[in-house]
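1. Sharing a sequence plus its predicted fold:
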2 protein chains.
Amino acid sequence: MSKIKIGIVGYGNLGKGAVEAIKQTEDMELVAIFSRRDPESLKLADPNVKAVHISNASDYKDEIDVMLLCGGSATDLPEQTPHFASMFNTVDSFDTHAKIPEFYQSVNEAATKNNTTAIISVGWDPGLFSINRVMAEAILPSGKNYTFWGKGLSQGHSDAVRRVTGVKNGVQYTIPSETAIERVRSGENPELGTADKHNRVCYIVAEEGADKAAIENEIKTMPNYFADYHTEVHFISEDELKRDHSKAPHGGFVIQSANTGADNTQIYEFSLKLDSNPEFTASVLVAYARAAYRLSSEKQFGAKTVYDVAPGYISPRSAEELRRDYL
Amino acid sequence: MSKIKIGIVGYGNLGKGAVEAIKQTEDMELVAIFSRRDPESLKLADPNVKAVHISNASDYKDEIDVMLLCGGSATDLPEQTPHFASMFNTVDSFDTHAKIPEFYQSVNEAATKNNTTAIISVGWDPGLFSINRVMAEAILPSGKNYTFWGKGLSQGHSDAVRRVTGVKNGVQYTIPSETAIERVRSGENPELGTADKHNRVCYIVAEEGADKAAIENEIKTMPNYFADYHTEVHFISEDELKRDHSKAPHGGFVIQSANTGADNTQIYEFSLKLDSNPEFTASVLVAYARAAYRLSSEKQFGAKTVYDVAPGYISPRSAEELRRDYL
């Protein structure tokens, strides 16, 4: 069987995680990594993988089945996904929840026009958590749904704080409230706002001479990312950041609590506990690359989300094998 | 918007749960319940729902969009699903894992021939647990997968203890081992047999004057059922049995533990804690009835499993709404 040929756009933590995730599959091979940086500077371990400047990606139209877009949601993906979806099947991890409808529309236009399949907003949230929110509600419609994030370093939120003027470097942790989780698991169905469920804690290295009060204020009032949350901002040194905050753990919980029949409490829970958020997110992207390849082979073109992808499409196993050994 | 018209075949605990689950939806209505019993004897609360003898089901071909098959897997469904799939779209909860391939084949033949959609083996195991076993493996292929069942009432084991001499009545709960779960959650990847993962707890009402020590010994040494497990036997009164053990709780955990990249442990977990096993299973069937209806509208005929159904198909919400509010 010929392998699914994968390209990676962007060689940050997510792109590096994708390289590792592809190694764990038996049905995919990595063809090339595309970067804005000088290809020579990428220093790839595997001599069979090419490093290519992003501007030459169109030369690889016939050599790559699915392009994994590993850029950031703030500025990279809104441009890159429509651009690459006009040439390749794509999978991305666009995670600016509020902008998904317009992002979907622009990607769908490019993909539909060019007969490609583009699965957007893949990962764990958006992604696996989104699936579980919808399935839990569909099955237990009378219930309440709770999403808790953390404890973990959020890539999207860390990117956001690093873009603030005067910030040299920084990380953001999301901390779920244990008390709130236990109240939900007990079937109590409490009313909980986002601030009741989490705190956000930032560790910031400021540029020399930067206005720390202005940085703190800009972070705490940032819409979508921080404005609705209780946020702490701590200033630390570059050395402290390296020593104490160089890993990227994350995780969280989706819990649906509902009553059925007379008064029977039913608790549905999905959770992740991740040592490496980018490596896990990349593993999800890689699994959905399989789905993008298959959907495209079936001429199911256009933009898709995880809601449009049947679970069997992300597995390397045949439908027959899944029925026999996994159902 | 016209509602999806549902029929229920079989009015045991699962069928009754389906009646309750349909009440919680806004896009479905229950048309009729089909039973082998005298329709008069069913005593339905809702005057708009008809009770019909199962032999007259074919009269309802134009009045029902999806038939929920709520019979048992041992003898009912192997006959009923192919029979009803030749006339209706169907959803069933066939759960004899070893016989799924031949069951699938006979249902697929009937459904394909008659242009119906039949989703088989729906519920939580098989069903939601099956989905999570496959998705977890697809995303974390290097890992190990663990399924734990319970805390839950096991019908087969309860039957077994009730057959012991001197036992008047009793129930058996399967309890997942907390120690084993914690070992898995820690990323240790232990080798665990079924008996390492589960304990068994029995609540027994003894006949008057019965030898309790002999009962306890007979239960604990019963081959296959108890001998290999850590088993507790508690003696209680008939009143206590009625008061504390008349529900059918169940649940369990699917956990995938894997390493990615250098040495990062990633834990994926799905769990259910159910006060009523039949009511939850019925709620899953009802959600998948929506998928059967839609797949059939799109002329995707034949037998399907949960692996073939994209998550969006079981939700009453539009794809646009899901992207905007849930992704």
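-> It's in.

2. Tell me which helix or strand the residue nearest to residue A:197 when sequence neighbours are not counted sits in.
-> Nearest residue to residue A:197, sequence neighbours excluded (CB to CB, 6 or more residues apart in numbering or on different chains): residue A:180, at 5.1 Å. Using the backbone N, CA and C atoms, a C-beta is placed for each residue, glycine as well. Element membership for residue A:180, per DSSP states H and E: helix A:178-185.

3. Show the backbone phi and psi for residue A:259.
-> Main-chain torsions, residue A:259, degrees, to the nearest 10: phi -110, psi 140.

4. Can you name the residues bridging to it?
-> Beta bridges link residue A:259 to residue A:265, judged by DSSP bridges.

5. Quick check, it in contact with residue A:188.
-> No. Look at residue A:259 against residue A:188 with CB atoms under 8 Å: they stay out of range, at 11.8 Å.

6. So which bits of the stretch 101-250 of chain A are right by chain B?
-> A:101, A:104, A:121, A:126, A:128, A:130-131, A:133-135, A:137-142, A:185 (CB under 8 Å from any CB of the partner chain).

7. just the helices in the stretch 151-300 of chain A please.
-> A:155-162, A:178-185, A:194-197, A:212-220, A:238-244, A:277-297 (DSSP state H, counting those that start in this stretch).

8. ranking the ones you listed by burial, who's on top?
-> Across these, averaging neighbours per residue (mean count of other CB atoms under 10 Å in any protein chain shown) puts helix A:277-297 on top, at a mean of 25.

9. next SSE after it?
-> Following helix A:277-297 toward the C-terminus (DSSP H and E): strand A:302-304.

10. which other helices and strands contact the following helix or strand past that following strand?
-> Sequence-wise, the next helix or strand downstream of strand A:302-304 (DSSP H and E) is helix A:319-325. If contacts are counted by 3 or more CB pairs under 8 Å, 6 or more residues apart in numbering or on different chains; DSSP states H and E, helix A:319-325 sits against helix B:100-113.

11. what's the angle between the helix it packs on and helix B:277-297?
-> Relative orientation of helix B:100-113 and helix B:277-297, computed by axes from the mean of the first three to the mean of the last three CA atoms, to 10 degrees: 40 degrees.

12. one step back: which of the helices of the stretch 151-300 of chain A has the lowest mean pLDDT?
-> Least confident of the helices of the stretch 151-300 of chain A, judged by mean pLDDT, is helix A:194-197 with a mean of 82.

13. what residues does that one touch?
-> Residues outside helix A:194-197 that contact it (CB atoms under 8 Å, 6 or more residues apart in numbering or on different chains): A:146, A:148, A:176, A:177, A:180, A:228, A:229, A:230.

14. and those residues, which of them are in strands?
-> Among the contacts of helix A:194-197, the members found in strands (DSSP state E) are A:146, A:148, A:176, A:230.

15. Are any of these buried, and if so which?
-> A:146, A:148, A:176 (16 or more other CB atoms under 10 Å in any protein chain shown).

16. if we can go back for a sec, if you count what's nearby, which of residue A:259 and residue A:188 comes out ahead?
-> Shown here are residue A:259 and residue A:188; by other CB atoms under 10 Å in any protein chain shown, residue A:259 has more neighbours (19 against 11).

17. check contacts around that one.
-> Residue A:259 neighbours (CB under 8 Å, 6+ apart): A:142, A:143, A:265, A:266.

18. farthest pair in those residues?
-> Maximum pairwise distance among the contacts of residue A:259 (CB to CB): 11.1 Å, between A:142 and A:265.

19. Alright, that wraps it up for me.
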